[in-house]
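Student: Pasting the sequence and the predicted model now:
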Amino acid sequence: MRDRFSTGVVYVLAALLAALLTGCTQSAAGGESDEPTGATASVSPSATRASGFGAVFLAVDECSSFGKASFTEVPCTSERAAARVVARHDGTPSGGPPCPATTDFVLHISEQSQISDEDGDGAVPQGYACMRNLQPPHPGDPGGGGGPRTIVGDCVYGSGSGQVRETACDGKGAKKPQYKVVKAVAERSRCPLSTALYVQLGGAQPVGCARPL
C-alpha cells in the first residue's frame, strides 16, 4: 500500500508541475497575466502616464480653458477648450525663445502647480506656453491689434515718450492706427524711403519699417 500511495503522489506532483510550466509559457507568449485576481502591481507614475492630454502640462498641441490669469488644461474636444498650445518653453519669456509670430497670447506657468505635474513628483517647472485661440478673433494675426509680438502687417500708435503700442489696423481698437509695419529688416538702412517710424521687432530681423497711414 505504501508503494502505491507514493507512486500516486509522484504522479500528482508531476501533473501540477506541468500545469505550472504551461501557465508560465502562456503568460510569456500570449500576454495573459499569471498574477492572482486582485493583485496590485507596483509601478512608477511615469510608467503609467499616457501620451497626449495630461502627459506633460500644456504640451504642444494641447488645450487650455478660458482665462489667462486662471486656467486649466482640458481636452481639445471639450466645450471648455479655448486655445491650443503652439509652442512651450521652460523659464520666462524674457529669457527664452520667442513665441511664434502669430501667437495670440502667452500663458505663464508657475512652479507651484501640483495638479498636473509632469513626472509624478508633484511639481511643474516654471515656463510659458504660446497660445493660439481655437476660434477667431486672432489678435496675433497681422493687423489683429494684439499678440505678444509685433510683426509685419501690424499697426501701431504713439503712446508718448517715443513709445508705440499695437492696435488693430481696421480702426476698431481702442486707439486709431497711425503707422503700419510694412517690412522687417536687419538694420535701419535697409528700410524703404517711405519709412516714417522704426519699430523694434526682435529676432533675426529686429527692425520694423513702418509707414504712416
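Tutor: Received the coordinates, thanks.

Student: hey, let's count contacts and neighbours off CA atoms from now on
Tutor: Fine.

Student: so C191 touches C209, yeah?
Tutor: Yes - at 5.6 Å, C191 counts as touching C209 under the criterion of CA atoms under 8 Å.

Student: Those two: who's more crowded?
Tutor: Neighbour comparison, C191 and C209: the larger count goes to C209, with 27 against 20 (by other CA atoms under 10 Å).

Student: Next up, phi/psi of that one, please.
Tutor: phi -90, psi 110 (degrees, to the nearest 10).

Student: wait, what's in contact with it?
Tutor: C209 makes contacts with 181-185, 188, 191-192, 195-199, as judged by CA atoms under 8 Å, 6 or more residues apart in numbering.

Student: now with 7 Å?
Tutor: Residues near C209 by CA atoms under 7 Å, 6 or more residues apart in numbering: 181-184, 191, 195, 197-199.

Student: Show me the beta-bridge partners of it.
Tutor: Assessed by DSSP bridges, C209 has beta-bridge partners K183, Y198.

Student: And it, how far from V74?
Tutor: C209 sits 40 Å away from V74, taking CA to CA, to the nearest Å as the criterion.

Student: Repeat that for P139.
Tutor: From P139 to V74 the distance is 22 Å (CA to CA).

Student: again, but for C155
Tutor: Separation of C155 from V74 (CA to CA) stands at 34 Å.

Student: Lowest mean pLDDT among the helices and strands, pick that one out for this structure.
Tutor: helix 45-48 (a mean of 27; mean pLDDT, DSSP states H and E).

Student: Which residues does the helix or strand following it contact?
Tutor: Next along the chain after helix 45-48, taking DSSP states H and E as the criterion, comes strand 63-65. The contact list for strand 63-65 (CA under 7 Å, 6+ apart) reads 71-76, 80-85.

Student: swap in stretch 155-175?
Tutor: So stretch 155-175 is contacted by 143-146, 154, 177-181 (CA under 7 Å, 6+ apart).

Student: List the buried residues of it.
Tutor: For stretch 155-175, the neighbour count (16 or more other CA atoms under 10 Å) marks 155-157, 164-169, 175 as buried.

Student: Leaving out the residues flanking it, which one is nearest to F71?
Tutor: Using CA to CA, 6 or more residues apart in numbering and skipping residues adjacent in sequence, the residue nearest F71 is S65, 5.6 Å away.

Student: so where's the protein uncertain?
Tutor: 1-55, 68-69, 111-124 (pLDDT under 70).

Student: Need the contacts of C209 in JSON lines (columns: distance to G96).
Tutor: JSON lines is the format used below for the contacts of C209 (distance: CA to CA, whole Å):
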{"residue": "V181", "distance to G96": "25"}
{"residue": "V182", "distance to G96": "27"}
{"residue": "K183", "distance to G96": "25"}
{"residue": "A184", "distance to G96": "21"}
{"residue": "C191", "distance to G96": "28"}
{"residue": "T195", "distance to G96": "31"}
{"residue": "L197", "distance to G96": "28"}
{"residue": "Y198", "distance to G96": "24"}
{"residue": "V199", "distance to G96": "21"}
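
Student: G140: neighbour count?
Tutor: 24.

Student: Are we agreed that it is in a strand?
Tutor: No - going by DSSP: H, G, I helix; E, B strand; the rest coil, the assignment for G140 is coil, not a strand.

Student: list the contacts for it?
Tutor: Counting by CA under 7 Å, 6+ apart, G140 touches 102-104, 146-147.
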